[in-house]
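Peer 1: Return a 3D structure for these sequence lines:
(one chain, ligands or ions: 1)
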Amino acid sequence: MVTKLEWDVIKKRGCAVCGKSDVAVGGLEKAHLKAKSKNGTQVIPMCPTHHKKFDKGLLKDSELEKIGIDPEKYKKYLPKKGSGTSKPKTAIEEYEKAQKETAKKMKKANDETKKIFGRRLGLI
Ligand SMILES: [Zn+2]
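Peer 2: Have a look, this model is predicted:
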């Protein structure tokens, strides 16, 4: 962790991505880079918007380069994505997902029916 004094110095640089100042964003946040084996925990200032993006893995390669992070390493820092997280976790989520898909199918079928009958009735 950084001391308050260190943090005050670090955050003077503004958001590591967009450069906005502490005041401009209503308080810069401490974004944690994965601890490097040598120098331990590293903290960089980020505005709330970019901090969220950073944690979710949504920063672009060009933005990562600005911070000085290797995009390849960045991907490794993030929690694993893929089949595990995209699958519904609970029965309720699974049900909701199925419901959404059914609703989509029904809408499509409905639209087609309307088209057919509309043509037949001379509406289209
Ligand atoms: Zn920013």
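
Peer 1: Ramachandran angles for the residue nearest the centre of the chain?
Peer 2: The centroid of the chain falls nearest to K56 when counting by CA atoms, centre = their mean (3.8 Å). Per-residue torsions, K56: phi -90, psi -10 (degrees, to the nearest 10).

Peer 1: Quick check: pLDDT value at it.
Peer 2: Looking at K56, its pLDDT reads 87.

Peer 1: what do you get for Y95?
Peer 2: Model confidence at Y95 (pLDDT) stands at 86.

Peer 1: Quick one: list the elements packing against the helix or strand harbouring it.
Peer 2: Taking DSSP states H and E as the definition, Y95 sits inside helix 91-120. Judged by 3 or more CB pairs under 8 Å, 6 or more residues apart in numbering; DSSP states H and E, helix 91-120 has no packing partners among the helices and strands. No exception for glycine: its C-beta is placed from N, CA and C like everyone else's.

Peer 1: Now do that helix: distance to the chain's middle.
Peer 2: Remark: helix 91-120 is offset 30 Å from the chain centroid, using CA atoms, centre = their mean, to the nearest Å.

Peer 1: Please enumerate residues in contact with stretch 64-76?
Peer 2: With contact meaning CB atoms under 8 Å, 6 or more residues apart in numbering, stretch 64-76 is reached by 16-17, 33-34, 44, 57, 59, 61.

Peer 1: Which positions within it qualify as buried?
Peer 2: 64, 67, 69, 74 (16 or more other CB atoms under 10 Å).

Peer 1: So the protein: which segments form each domain?
Peer 2: Domain assignment of the chain by automatic domain parsing yields the ranges 4-77, 88-120.

Peer 1: Any idea which helix or strand in this structure has the lowest mean pLDDT?
Peer 2: helix 83-86 (a mean of 48; mean pLDDT, DSSP states H and E).

Peer 1: V17 is in contact with K60, isn't it?
Peer 2: No - between V17 and K60 there is no contact under CB atoms under 8 Å: 9.4 Å.
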